[in-house]
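[1] 3D model of this:
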Amino acid sequence: MDILLDLRWMVLGRAGGLEQMAYELVAAIAKFSRKDTLYLYCPDRAFQDWLFKSGMNMVLIDSDQFALVPERVSYDRSEGRPSGKLGRIGVVALDGSEPPPRTLKVDLVHSIGGYVHDELLDYRNILTIHDLQHIHLPHHFDEVEIDARNARYLSSINASEAVISVSSFVKRDIIAQYGVKPESVTSIWNIPSGSPTDQLSKSKVDRILRKMGIDFEYLFFPSHGWPHKNHLKLVEAFPFIQESLPNLRMIFTGGKFDQEHPAAKKIRSLGLEEFILHIGYRTPTEIRCLYERTKALVYPSLFEGFGMPVAEAIESGVPVFCSDIEPLVEIGGEAVVTFDPCSSNDIADKVLSVLRDDRLLESLRAKREAQLTRFSSKAIARQTYDLYRKTCGLDSTPLESSRLAMSNGRCESTRHWGRVSERSLRAGKSLSGLVALLVTAFKSPPLAKSIWKAFRRKGDRARSFNGRYGDGWIVPNYREWLWVPEGSKGLILEIEAPPLPHADDHGFWVALQGIELGEFRFAGKSTLRIPITLEESIKELVQLRIDSNFSFRPNDRDDNGDERELAIKLAGIHWE
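    Now for the predicted structure:
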């Protein structure tokens, strides 16, 4: 099989548990069959973090440098979707530079980030949905965002042969909210971060915690500061815990709060700055060390689809206290103690009742062993891979373990030094950053090169939009790659004039595959049909370019809030 994994969103440190889920799943599948090719459409920096060895059939398509072009593109809505599923995809440089466009065979697309992107809708798709937060917590979104999410989920589900939910709770939610047939949704748990991996030595844990300035007892809560993570209620509960355990502190990791975050304000008002510490983003190795020494994980989230930290803590043998919401009860089973996340008193009572009772602590450890078997990385990878084959019409087959995968311990150490170098360089600590980068280069030269390239590029990920919007309008410097349908002799561009006075005075220039076709004006017409004959030597992938000498913003005319810079409307592309 030739499988495309859409991971274009995977900017390290930005996606929380979703990033860890994707990393562990791909790493687990990579350890098995070498008969399949996996194309990873993701930033180069994310790809290098997997540390694949040469000889493994893992192929990078750098989403910072290349765009995907579907096998057949039509802007004429009346023509409908192509019959059957597409089997090839084009890969083109975003800036039009080398290397030249190429085409790939694709049997299946797995969209792991929750949506199927527009250019992939007509392929054989598997979609992973992590949660439907916008439905359960609508007050965290505006109406436009809620409508957009619902539309994207529906179009993605309708384009998919199979949907993966990360828990039984999410499966029931998908079925209830979008009317999906139950047999179309498969519940497959996430693989906990670092599962399975080599045991960290006591000296290494001590050394890493000492570097972070941690030499005290603490509770642990790793999470971004999003509202539904409920940091505020945990801060309110902490003084009640500290009354009985005065030497205990609390550690938060993830994106740091701004000064106006409710939890940050509450920490200041209660005078807890010395006892509740937010130490920011941490490497996977540092997170493992924090799990190793914490008294317990306390996870007060109001909403989850899965709850990766709960699974990680169970893997680490750490006592777990978490919200009594359905997904966490499912993931934790009897190995966790639950509380009402809206009650600071209940949070404190549950934590104290166990931490002060050795018998209850021992009981939790025993129950953990039974729950551990459900987090098997091999079983989860097997279930996912079997779904790939079933979707492609193939029977299940034994997975062939690859000896080319790097050992877990070495891989984790290399990733750790890479993340440390990035963190130091971004913080302006050039010397320590370069030292860590040299250590990374010794362990993995490609990873070090990718980190240095990403650091030098810094904020260049964002590019100005030069395509076509969903309503047909294009920008003044429109560029788009098109796949030429087999047997086509030409095409007709249908272009509508902008709603501007004196539109006849405005011109635009059209070029196809670098061949200038001249200047065009509307000359009193509201629509132009521009026929283009294809050269006999034309390739499968061609670039259409339209440059306009004018632009307008709809908001300037109608005060409608539409601040897009537009030129003309590309109403249709008709192949002949």
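[2] Can you spell out the domain ranges of the protein, please?
    As assigned by automatic domain parsing, the chain contains the domains 2-188+378-402, 202-356, 416-460, 477-575.
[3] These into JSON lines, with extra columns for distance to residue 369?
    To be clear about C-beta, it is placed using only N, CA and C from the backbone, and glycine gets the same treatment. As requested, those are exported to JSON lines (distance: least, CB to CB, whole Å):
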{"stretch": "domain 2-188+378-402", "distance to residue 369": "16"}
{"stretch": "domain 202-356", "distance to residue 369": "8"}
{"stretch": "domain 416-460", "distance to residue 369": "28"}
{"stretch": "domain 477-575", "distance to residue 369": "54"}
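[4] so which of those domains comes closest to residue 371?
    domain 202-356 (4.2 Å; CB to CB).
[5] Which residues does the lowest-mean-pLDDT helix or strand in the chain contact?
    Using mean pLDDT, DSSP states H and E, helix 554-558 stands out as the lowest-scoring helix or strand of the chain, at a mean of 77. The contact list for helix 554-558 (CB atoms under 8 Å, 6 or more residues apart in numbering) reads 499, 560-564, 566.
[6] Give me the buried positions along it.
    Neighbour-count burial for helix 554-558, counted by 16 or more other CB atoms under 10 Å, picks out residue 554.
[7] returning to that earlier point: just the buried ones from the contacts of helix 554-558?
    Buried by 16+ other CB under 10 Å: residue 566, out of these.
[8] Going through the contacts of helix 554-558, which one is the model least confident about?
    Within the set of the contacts of helix 554-558, pLDDT is lowest for residue 560 (68).
[9] in the stretch 451-576 of the chain, which spans are strands?
    Taking DSSP state E, counting those that start in this stretch as the test, the strands found in the stretch 451-576 of the chain are 477-483, 490-496, 507-512, 515-521, 527-533, 541-548, 569-575.
[10] Check which helices and strands the last one sits against.
    Spelled out, that is strand 569-575. Applying 3 or more CB pairs under 8 Å, 6 or more residues apart in numbering; DSSP states H and E, we find strand 569-575 packed against strand 490-496.
[11] Tell me the helices and strands packed up against the strand it packs on.
    Looks like strand 490-496 contacts strand 527-533, strand 569-575 (3+ CB pairs under 8 Å, 6+ apart).
[12] Comparing these, which comes out most buried?
    Stretch with highest mean neighbour count among the helices and strands packed on strand 490-496: strand 569-575 (a mean of 18; mean count of other CB atoms under 10 Å).
[13] That strand to strand 490-496, inter-axis angle?
    Strand 569-575 and strand 490-496 are oriented at 160 degrees to each other (axes from the mean of the first three to the mean of the last three CA atoms, to 10 degrees).
[14] separation between residue 544 and residue 443?
    Residue 544 sits 45 Å away from residue 443, going by CB to CB, to the nearest Å.
[15] Kindly report the same for residue 392.
    According to CB to CB, residue 392 stands 36 Å off from residue 443.
[16] In terms of neighbours, single out the busier of those two.
    Taking neighbours as other CB atoms under 10 Å, residue 392 and residue 443 compare with residue 443 leading, 18 against 15.
[17] which residue packs closest to that one, ignoring adjacent ones?
    Using CB to CB, 6 or more residues apart in numbering and skipping residues adjacent in sequence, the residue nearest residue 443 is residue 414, 4.2 Å away.
[18] That neighbour is in what secondary structure piece?
    Using DSSP states H and E, residue 414 sits in helix 408-426.
[19] Other residues contacting that helix?
    12, 49, 51, 194, 196-198, 281, 283-286, 288, 406, 430, 432-434, 436-437, 439-440, 443-444, 447-448, 451, 454-455.
[20] again, but for stretch 266-277
    232, 235-236, 238-239, 242, 249-252.
[21] neighbours of residue 333, just the number please.
    13.
[22] Need the three-state assignment for the nearest residue to residue 290 once chain neighbours are set aside.
    Spatial nearest neighbour of residue 290, excluding adjacent residues (CB to CB, 6+ apart): residue 220 at 5.6 Å. Judged by DSSP: H, G, I helix; E, B strand; the rest coil, the three-state class of residue 220 is strand.
[23] Spit out the contact partners of residue 220.
    250-251, 253, 290-291, 294, 296-298, 318.
[24] ok, what's across the strand from it?
    residue 251, residue 297 (DSSP bridges).
[25] what's next to whatever helix or strand residue 350 lives in, contact-wise?
    Using DSSP H and E, residue 350 sits within helix 344-355. Helix 344-355 has contacts (CB under 8 Å, 6+ apart) with 219, 233-234, 236-238, 240-241, 244-245, 295-296, 298, 300, 319, 321, 337-341, 360-361, 364.
[26] Okay, buried residues for it please.
    344, 346-351, 354-355.
[27] got the angle between it and strand 218-222?
    For helix 344-355 against strand 218-222, the angle by the same axes, to 10 degrees is 120 degrees.
[28] Residues touching the helix or strand following helix 344-355, excluding its own?
    Sequence order places helix 358-372 as the next helix or strand after helix 344-355, per DSSP H and E. Contact with helix 358-372 is made by 314-315, 317, 319-320, 332-337, 353-355, as judged by CB under 8 Å, 6+ apart.
[29] Could you list which of those residues belong to strands?
    Residues of the contacts of helix 358-372 located in strands (DSSP state E): 320, 337.
[30] Now find how far off-centre the helix or strand containing residue 207 is within its chain.
    Assigned by DSSP H and E, residue 207 falls within helix 202-211. The chain centroid and the centroid of helix 202-211 are separated by 31 Å under CA atoms, centre = their mean, to the nearest Å.
[31] same for that helix, what does it pack against?
    Using 3+ CB pairs under 8 Å, 6+ apart, helix 202-211 is in contact with helix 284-293.
[32] which of the residues in the helix it packs on are buried?
    284-293.
[33] do stretch 235-251 as well
    235-238, 241-242, 248-251.
[34] where exactly do the strands run in the stretch 101-250 of the chain?
    Under DSSP E, counting those that start in this stretch, the stretch 101-250 of the chain gives strands at 102-105, 108-111, 125-129, 160-165, 185-187, 218-222, 249-253.
[35] Let me have those strands in TSV, extended by distance to residue 486.
    As requested, those are exported to TSV (distance: least, CB to CB, whole Å):
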stretch	distance to residue 486
strand 102-105	12
strand 108-111	21
strand 125-129	23
strand 160-165	25
strand 185-187	35
strand 218-222	52
strand 249-253	53
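[36] With mean pLDDT and distance to residue 523 as new columns, can those be given to me in JSON lines?
    Listed next are these as JSON lines, based on pLDDT from 0 to 100; distance: least, CB to CB, whole Å:
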{"stretch": "strand 102-105", "mean pLDDT": "92", "distance to residue 523": "39"}
{"stretch": "strand 108-111", "mean pLDDT": "96", "distance to residue 523": "44"}
{"stretch": "strand 125-129", "mean pLDDT": "97", "distance to residue 523": "45"}
{"stretch": "strand 160-165", "mean pLDDT": "97", "distance to residue 523": "47"}
{"stretch": "strand 185-187", "mean pLDDT": "97", "distance to residue 523": "55"}
{"stretch": "strand 218-222", "mean pLDDT": "97", "distance to residue 523": "64"}
{"stretch": "strand 249-253", "mean pLDDT": "97", "distance to residue 523": "63"}
